[in-house]
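# I would like the atomic coordinates for the input below:
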Amino acid sequence: MPPDQQDLSALGYPGFEHVRSSKLSNPAAVVLGAVVQRNLDTRLVEALPWVLSTYSDLNWAWLRDRAKLHNAQNRLGYLVHLAQQTARAPRPVTRT
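Numbering: from 1, shown residues only. Coordinates of the predicted model:
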């Protein structure tokens, strides 16, 4: 089942903080649900690198194996690459 805004809101994604959710979301399952989709809303795709970098302790072996079963390992690899780039990017300095 593809992820939705409530799944990402439940994970704490800032882009969907306006969406109220009482769901419990497994970050690995949310990512898997996204990478196996042919068409996914752009706003949901944009959230996936954030999920991977925020939940870096997720069950990677499970996610990798399931992605491979669905022939989506390249999509997962690309998301991991984006998450790594995002994590390395310099943070803007905020002045108060």
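# Please make it C-alpha for all contacts and neighbour counts, starting now.
Noted.
# quick check: longest helix of the protein.
Across the chain, the helix with the greatest residue count (assigned by DSSP state H) is helix 73-88.
# Now do the same contact list for the residue nearest to residue 86 when sequence neighbours are not counted.
Sequence neighbours aside, residue 49 is the residue nearest to residue 86 in space, at 7.5 Å (criterion: Cα to Cα, 6 or more residues apart in numbering). The contact partners of residue 49, by Cα atoms under 8 Å, 6 or more residues apart in numbering, come to 79, 80, 82, 83, 86.
# Regarding residue 49, which helix or strand does it belong to?
Per DSSP states H and E: residue 49 is located in helix 42-54.
# if we can go back for a sec, if we only consider the contacts of residue 49, which is nearest to residue 5?
Using Cα to Cα, residue 79 is the member of the contacts of residue 49 that lies nearest residue 5, at 18.2 Å.
# is it true that the closest one touches residue 50?
No: the pair residue 79 and residue 50 fails to qualify as a contact (Cα atoms under 8 Å) at a distance of 9.5 Å.
# tell me the phi and psi of residue 55?
Residue 55 adopts backbone torsions of phi -110, psi 60, taken as degrees, to the nearest 10.
# where are the low-confidence patches of this structure?
Counting by pLDDT under 70, the chain contains low-confidence ranges at 91-93, 96.
# how about 90 then?
Under the criterion pLDDT under 90, the flagged ranges of the chain are 1-4, 7, 10, 12, 15-25, 38, 85-96.
# Right, I'll call it a day here.
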